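Chemist: I need the structure of the sequence given here:
(one chain, ligands or ions: 2)
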Amino acid sequence: MSSQSSCIFCTIVKGIFKLLETETMLAFMDIGPIARGHCLVIPKYHAAKLSDLPDHQMGDILPALAKIASASGNENYNILQNNGRPAHQEVDHVHFHYIPKPADAGDKAGLVVGWPIQGLSQEEIRTSYDELKRKL
Ligand code: AMP
Ligand code: ZN
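Modeler: Numbering: from 1, shown residues only. Ligands and ions are numbered 1, 2, ... in the order given. Next comes the predicted model:
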């Protein structure tokens, strides 16, 4: 986990390709886009994972993503937010990807998703429900 001083996204707060900015949020172009128009929305507050981010630092993020989606005019797109290396997080500062999905792209552009359905029984789903519900 990088600290704030070495965090590339904290540095970008002062950087280039800014799309939108509020007191708590910044949107900018992704430097390694997987589709034309791929961009990122981050809180300015340095937190590695979504669960580390204080609620009051989150408020501007979803409206910014909706605004970008609306302005870019893409009919198909994904919003992606990765947490942890096994979950494909490379930069340890919370970020939301806005990724256009060209209709005819297949697995050549945009997000390519694996969806390994686990085939859990109703009972197994209930067990995980009970565990989580108890902690919320
Ligand atoms: P993730 O795998 O969810 O952590 O995604 C990190 C994203 O940050 C990747 O899509 C990178 O292309 C992008 N990225 C890394 N460094 C920069 C940078 N300096 N400016 C813009 N985007 C970056
Ligand atoms: Zn940071």
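Chemist: please count neighbours and contacts with C-alpha atoms only from this point.
Modeler: OK.
Chemist: which of the residues in stretch 19-27 are buried?
Modeler: Along stretch 19-27, the positions that meet the burial threshold by neighbour count (16 or more other CA atoms under 10 Å) are Glu21, Met25, Leu26, Ala27.
Chemist: can you put the residues you listed in CSV and add pLDDT and secondary structure?
Modeler: Formatted as CSV, the entries for the buried residues of stretch 19-27 read as follows, by pLDDT from 0 to 100; DSSP: H, G, I helix; E, B strand; the rest coil:
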residue, pLDDT, secondary structure
Glu21, 95, strand
Met25, 97, strand
Leu26, 96, strand
Ala27, 97, strand
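Chemist: near ligand 1, from those residues?
Modeler: When these are checked against ligand 1 using CA under 6 Å from any ligand atom, none falls in range.
Chemist: SS state for the most far-flung residue of the chain relative to its centre?
Modeler: Computed with CA atoms, centre = their mean, the residue of the chain farthest from its C-alpha average is Glu123, at 31.6 Å. Three-state secondary structure (criterion: DSSP: H, G, I helix; E, B strand; the rest coil) places Glu123 in helix.
Chemist: what does the one 3 residues further on give?
Modeler: With three-state DSSP as the basis, the three-state label of Arg126 is helix.
Chemist: quick one: low-confidence parts of this structure?
Modeler: Counting by pLDDT under 70, the ranges of the chain that qualify are 1-2, 14-15.
Chemist: ok, Cys7 - contacts?
Modeler: Shown in contact with Cys7 (CA atoms under 8 Å, 6 or more residues apart in numbering): Val91, Asp92, His93.
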